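> Provided below for reference: sequence and predicted model.
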Amino acid sequence: MAEDEDWRLFVEEWSRKEGREITGRTPLTGDASNRRYFRVFFRGAKRPHSAILMEREGTLGFKKSEEAVSKASLDPPGDPFLLVADAFGRRGLPVPAIYHRLEDGSKTLQEDFGDETFLSRVMAHPGQAELVTEKSLTLLVALQAERPDDDLSWVRARPYSRELIRWEFEHFAEYGLSGASGSALSEIGLAFDREAAALAGEKVQVLVHRDYHSRNIMVRQDGSLALIDFQDLLVGSPYYDLASLLFDAYRTVPLEKIEESLARYLELGQKAGILPETGFEEAMERLCRHAFQRNLKACGRFFYISDVKKNPAYLGSVAGTHANMVRLVRRVPSLAPLYRTFSDYLRFPDRLSRR
């Protein structure tokens, strides 16, 4: 079956029943995974007059994810995007409605939130950054307050484990470094082992979106926020998604604003009952250590996407990860020994060779 006929037949299974006629589709900028997105347009008396078509290439996303999971993890009981979308929807979290689906998740027709993200809103309206950040912190706490029970109980088998954190460090070393000798890589690996053990030791465990940043938080027409790209949901530290939001590779948040946001997050988290009473400096160090690891992981991913997937679109964000590493070391000097093990071997986009 021709590709054009394939997608059209899938969408028409829904649109005809809903009294809508397809008038066209346009490709959207995709993410870094094996998923492609299109906006499909409809004519008819009913709204909506557009929807987002997702087509996934290859096998089930979470089973064959480009994002590693713990080897001990069990496969989810279905497609993870659909499982999480359904579970979050039942809990009242703002995620796209799924209008139509193939049960293996290879095609979905989803609610269209438009094109405005957290990032595009604050780039166009810098004065709204504080308001959007407040809404993002509130949404994050609402996500973390949900328990991995009942229809999300399978997520308990997917911890943000020491093994997984170590894999992400190795991914960074493979793609984000260049020119390190065998002995240097051995020293780096030992340092990563110690840090992975420390990061995996958080006592408080919550749902982790795993990619909670300014490009994955949508701003809807009424100004409320919504979540996308949540198929890699895990259980882990409450500071991981916060680090992803505040030490974002796509935008630079001033340190004083990060500290204000952390204080507000602690207030919201303690009120919601997901965080114990924690001293600010202790919380700041935890946040920064997770942010450091997160930025190393992102740096490695950007080069991986360029090297392996032949998509250089994310190389422009490498500088942001490097800058965040330096900022984090300055704020938490105990990170300096770890940084020194690999800083001389950092790879830059204008030096694309890994060796």
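Received the coordinates, thanks. Residues are numbered from 1 along each chain as shown.
> Name the residues that touch stretch 183-202?
The contact list for stretch 183-202, computed with C-beta atoms under 8 Å, 6 or more residues apart in numbering, reads 160-162, 165-166, 169-170, 173, 177, 180, 236-239, 286, 289-290, 293, 337-338, 341-342, 345. Quick note: C-beta positions are derived from backbone N, CA and C, even for glycine.
> Weed out the non-buried ones from these.
The neighbour-count test (16 or more other C-beta atoms under 10 Å) applied to these identifies 160-162, 165-166, 169-170, 173, 177, 180, 236-239, 286, 289-290, 293, 338, 341-342, 345 as buried.
> Quick one: mark the members of the residues you listed that sit in strands.
Where those overlap with strands, as defined by DSSP state E, the overlap consists of residue 236.
> So which of the buried ones among the contacts of stretch 183-202 are in helices?
If you go by DSSP state H, these have 162, 165-166, 169-170, 173, 238-239, 286, 289-290, 293, 338, 341-342 in helices.
> I figured residue 228 was touching residue 218, is that so?
Yes. Taking contact to mean C-beta atoms under 8 Å, the distance of 6.0 Å between residue 228 and residue 218 places them in contact.
> list residues touching both of those two?
Common contacts of residue 228 and residue 218 (C-beta under 8 Å, 6+ apart): residue 113.
> Excluding chain neighbours, what is closest to the residue lying farthest from the centre of the chain?
Of all residues in the chain, residue 45 has its C-alpha farthest from the mean position, at 36.5 Å, by C-alpha atoms, centre = their mean. With C-beta to C-beta, 6 or more residues apart in numbering as the criterion, residue 45 has its nearest non-adjacent residue at 6.5 Å, and that residue is residue 19.
> tell me the secondary structure for the one you found?
With DSSP: H, G, I helix; E, B strand; the rest coil as the basis, the three-state label of residue 19 is coil.
> Count the residues that sit near the residue nearest to residue 238 when sequence neighbours are not counted.
Taking C-beta to C-beta, 6+ apart, and ignoring the residues beside it in sequence, residue 238 has residue 206 as its nearest neighbour in space, at 4.8 Å. The burial metric for residue 206, expressed as a neighbour count using other C-beta atoms under 10 Å, is 24.
> Next, the contact list for residue 206, please.
When contacts are counted by C-beta under 8 Å, 6+ apart, residue 206 is found next to 143-145, 235-238, 274.
> Need the phi and psi values for it.
For residue 206, the backbone dihedrals are phi -140, psi 170 (criterion: degrees, to the nearest 10).
> Is it bridged to anything, and to what?
Residue 206 forms beta bridges with residue 236, as assigned by DSSP bridges.
> shaky segments in the protein?
Scanning the chain with the threshold set as pLDDT under 70 gives 1-4, 30-33, 58-74, 351-355.
> any chance you could map the strands in it?
Here the chain has its strands, by DSSP E, at 21-28, 35-43, 50-56, 98-101, 107-110, 206-208, 217-219, 225-227, 234-236.
> mind checking how far the last one is from the chain centre?
Meaning strand 234-236. Here strand 234-236 is found 13 Å from its chain centre; the criterion is C-alpha atoms, centre = their mean, to the nearest Å.
> list the helices and strands that strand packs on?
Using 3 or more C-beta pairs under 8 Å, 6 or more residues apart in numbering; DSSP states H and E, the elements in contact with strand 234-236 are strand 206-208.
> distance of residue 136 from residue 230?
As judged by C-beta to C-beta, to the nearest Å, residue 136 and residue 230 stand 14 Å apart.
> Helices of the stretch 251-355 of the chain, start to end?
Residue ranges of the helices in the stretch 251-355 of the chain, as given by DSSP state H, counting those that start in this stretch, are 255-271, 280-307, 318-331, 336-342.
> With distance to residue 185 as new columns, can the ones you listed be given to me in CSV?
Conversion of the helices of the stretch 251-355 of the chain to CSV gives the following (distance: least, C-beta to C-beta, whole Å):
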stretch, distance to residue 185
helix 255-271, 32
helix 280-307, 14
helix 318-331, 18
helix 336-342, 9
